[in-house]
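In: Mind looking at a prediction? Sequence and model below.
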Protein chains: 2
Amino acid sequence: MTNNSNKPVSAVPKLEDVARAAGVSTATVSRCLNTPDRVSRKTIKRVMDAIDSLGYSPNYSARALAAGRTNTIGAIIPTMENAIFARGIQAFQEELQKNGCTLLVASSSYRQDLEEEQIKTLTARGADALLLIGFQRDPHLYEFLEKRKIPFVLTWACKPSHEQLFVGFDNRKAMKELAARVISLGHRSLGCISAETATNDRASERVEGICAAMQDAGLDPGSLRIVETTYSIENGEKAFHQLLTGDNAPTAVLCGNDVLAIGALRGAAALNLRVPQDVAITGFDDIELASVAPIPLTTVHVPHRRMGQLAARVLIDALNDVPASSVELPTEVCLRKTL
Amino acid sequence: MTNNSNKPVSAVPKLEDVARAAGVSTATVSRCLNTPDRVSRKTIKRVMDAIDSLGYSPNYSARALAAGRTNTIGAIIPTMENAIFARGIQAFQEELQKNGCTLLVASSSYRQDLEEEQIKTLTARGADALLLIGFQRDPHLYEFLEKRKIPFVLTWACKPSHEQLFVGFDNRKAMKELAARVISLGHRSLGCISAETATNDRASERVEGICAAMQDAGLDPGSLRIVETTYSIENGEKAFHQLLTGDNAPTAVLCGNDVLAIGALRGAAALNLRVPQDVAITGFDDIELASVAPIPLTTVHVPHRRMGQLAARVLIDALNDVPASSVELPTEVCLRKTL
DNA sequence: TTGTACGCGTTATCAG
DNA sequence: CTGATAACGCGTACAA
């Protein structure tokens, strides 16, 4: 067998090679791949056979450059290590895949400057659309995205007054409902372990929710003791210790998420406090972990998978110029044993 | 202010626009971005100013097409929902980012056919290199990657006889060590809850490890009762129930990972069995969850973050033609309270 | 239904 | 050190 072309045998096949093998033009091969309706049955078969035998697969960079679209959607999440985002993003990805789109994930480590960088990078890489977490970011970023006509959806939060597309839930309302529950059980001295509220709108809305519930119940929101820390079991434990060993220890500690709450639970055990008799503890998110905690955790259930899936649909619609609208997902207080 | 060009003001700026604004050629702008050493100080400043004021950022598709490299590395993991992979991949990503590379993640849902599809997609998308989990896959995939000269690293496992690059640990050895520990404590009747071994080499190697330990101790490996199931707390619980309510219930249940073990723990509670007095339970991976289980879990510690980081280094070296070599990471039996 | 030819935004080669 | 200019692989008018 001889190699009578002047190219190495092992070169990656391109459209032109397929065209030659099938005895058609490159345009026809391209059409077979993108608009098969406009090609005759026979030709399609010839071309497909050639594609198979050559092991051809299209070069997405070239395709993106020529077509102006990448069929790639980007998502920027604060961290990949948290089960919450993982679950929602997994669902997001599955739905995208059904629609022929690929997901590009980047994580910002909860830092706004890094998020901005990632937004720039992902758009430069040709992401057709973006999923972002929360609302809080520099306005010029929104202008940037709008100028480039890149659809985006905001998730894990909602702000119905906003014109921006979102698929999320009301953090404030959800936490307020839970806090009201706590108060209705007689708790008057509340504590809270939260993520950093300055740069995390979900966290600050949750704290607001607690304050609102206190207000409604005639309690002074100023009396809420707040400890801010980074999400992790260990930090939850430390924060709990700090809260409970200070003056005027709270009788109930509302945590910004389940991970912190698990830490708090561990902290309670270390201090020989019984939960919920000596101190009540609540979480947020209802991750799988919540139901298998040493004491099953009272928390707020959030429909993460559904959120991811809907967010994908919204973006795909937007890309197809189908008018999409925001959706606020319901959350639900999930009573178990720690309250 | 007038727009005296015939283009819309809002068009995304390109290299040419920057060149015009800076009064240089496109080649020079390109050089400023890629090989600044070969451009004079002054010119660089002029160009950078133009870039800033126009808000230019390069089109990666075009760059990839012209340069033949994307600075993108792909990773295909069985699932994003598992903390194990999340942690390793997060570290992988951080290390890549330090080296100017972007990570593209895809998940295969533990299915070989989907993994193959993802490999094709990621290479078509121009991934310069790939991270894969485990060794077990159709040989023609390896040929495919080698033909395309795409470096790849296999992780979460190792097979020193192999020529392929890997950064992982010996699942068999790790589990064997743990099993030997279990046996040395007097357990003669062993059970095992594992992921599907047919398509998951990490799982099958772990099971093999148990059998090897039994053999060494003069026990019949055939007596090991194995239940295969999908990783989840709930499935772990079910499998445990099945194991313990059958004839000849084992006195120790070794689980393929921590998630299953947590489920087993819950199953034990449901059956009113004390752990470890009535039945011993062990996990694998040592995720954060393991240490906060109702009863702290005896498990095998795996250096996930280090693995991710090293895998990144290996790939980056390979891309720079620096000879890289495989590394086998040590694991460690982690004794807590369930054994 | 099919083919021709140009353009997408960069990089890289080769002169100057 | 800088500037023309030819690739890179594909999509898509426009023509046939």
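Out: Now that the structure is in, tell me what you want to look at. Treat the numbers as computed from the prediction; the structure is a model and nothing was measured. Residues are numbered from 1 along each chain as shown, chains lettered A, B, ... in the order given.

In: Please enumerate the helices of the stretch 201-339 of chain A.
Out: A:201-216, A:233-245, A:258-270, A:288-291, A:304-319 (DSSP state H, counting those that start in this stretch).

In: a markdown table for these, including mean neighbour count?
Out: For every residue, glycine as well, the C-beta is placed using N, CA and C. Compiled in a markdown table, these are given as follows (neighbours: other CB atoms under 10 Å in any protein chain shown):
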| stretch | mean neighbour count |
| --- | --- |
| helix A:201-216 | 21 |
| helix A:233-245 | 21 |
| helix A:258-270 | 25 |
| helix A:288-291 | 20 |
| helix A:304-319 | 22 |
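
In: Out of those, flag the one nearest residue A:182.
Out: Checking those against residue A:182 by CB to CB gives helix A:201-216 as the closest, at 7.9 Å.

In: weakest of the helices of the stretch 201-339 of chain A in terms of mean pLDDT?
Out: Looking at these, the lowest mean pLDDT belongs to helix A:288-291 (a mean of 81).

In: coming back round to it: any chance of the helices of the stretch 201-339 of chain A in CSV, with distance to residue B:121 too?
Out: Below are these laid out as CSV (distance: least, CB to CB, whole Å):
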stretch, distance to residue B:121
helix A:201-216, 32
helix A:233-245, 36
helix A:258-270, 33
helix A:288-291, 29
helix A:304-319, 17
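
In: right, and the ones you listed - which one's nearest residue A:95?
Out: That would be, of these and by CB to CB, helix A:304-319, which comes in at 3.6 Å.

In: Alpha carbons only: can I get the closest one in PDB?
Out: The C-alpha coordinates for helix A:304-319 follow below in PDB (Å, rounded to 0.1, in the frame of the first residue of the first chain):
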ATOM      1  CA  HIS A 304     -31.400  22.100  42.900                       C
ATOM      2  CA  ARG A 305     -31.700  19.600  40.100                       C
ATOM      3  CA  ARG A 306     -34.800  21.200  38.800                       C
ATOM      4  CA  MET A 307     -33.100  24.600  39.000                       C
ATOM      5  CA  GLY A 308     -30.200  23.400  36.900                       C
ATOM      6  CA  GLN A 309     -32.500  21.800  34.300                       C
ATOM      7  CA  LEU A 310     -34.700  24.900  34.000                       C
ATOM      8  CA  ALA A 311     -31.700  27.200  33.700                       C
ATOM      9  CA  ALA A 312     -30.500  25.200  30.800                       C
ATOM     10  CA  ARG A 313     -33.900  25.400  29.100                       C
ATOM     11  CA  VAL A 314     -34.000  29.100  29.600                       C
ATOM     12  CA  LEU A 315     -30.600  29.600  27.900                       C
ATOM     13  CA  ILE A 316     -31.400  27.300  25.000                       C
ATOM     14  CA  ASP A 317     -34.600  29.100  24.400                       C
ATOM     15  CA  ALA A 318     -32.800  32.500  24.500                       C
ATOM     16  CA  LEU A 319     -30.300  31.200  22.000                       C
END
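
In: ok, is it in contact with chain B or not?
Out: No - Helix A:304-319 lies out of reach of chain B by CB under 8 Å from any CB of the partner chain, never closer than 9.8 Å.

In: which other helices and strands contact that helix?
Out: helix A:83-98, strand A:129-133, strand A:152-155, strand A:166-168 (3 or more CB pairs under 8 Å, 6 or more residues apart in numbering or on different chains; DSSP states H and E).

In: which residues sit against the helix or strand bottoming out on mean pLDDT in chain A?
Out: Here the helix or strand of chain A ranked lowest by mean pLDDT, DSSP states H and E is helix A:288-291, holding a mean of 81. When contacts are defined by CB atoms under 8 Å, 6 or more residues apart in numbering or on different chains, helix A:288-291 is touched by residues A:83, A:258-259, A:261-262, A:283, A:296-297, A:299, A:334, A:336, B:232-233, B:289.

In: 6 Å instead?
Out: Contacts to helix A:288-291, defined as CB atoms under 6 Å, 6 or more residues apart in numbering or on different chains, come from residues A:258, A:283, A:297, A:299, B:233.

In: same question, stretch A:159-169
Out: Residues contacting stretch A:159-169 (CB under 6 Å, 6+ apart): A:135, A:153-158, A:302, A:307, A:310-311, A:314, A:326-327, A:329, A:331.

In: my guess is residue A:56 meets residue A:16, correct?
Out: No - in this structure, residue A:56 is not within contact of residue A:16 by CB atoms under 6 Å, at 10.2 Å.

In: who has more neighbours, the two?
Out: Taking other CB atoms under 10 Å in any protein chain shown, residue A:56 and residue A:16 do not tie; residue A:56 has more neighbours (20 against 11).
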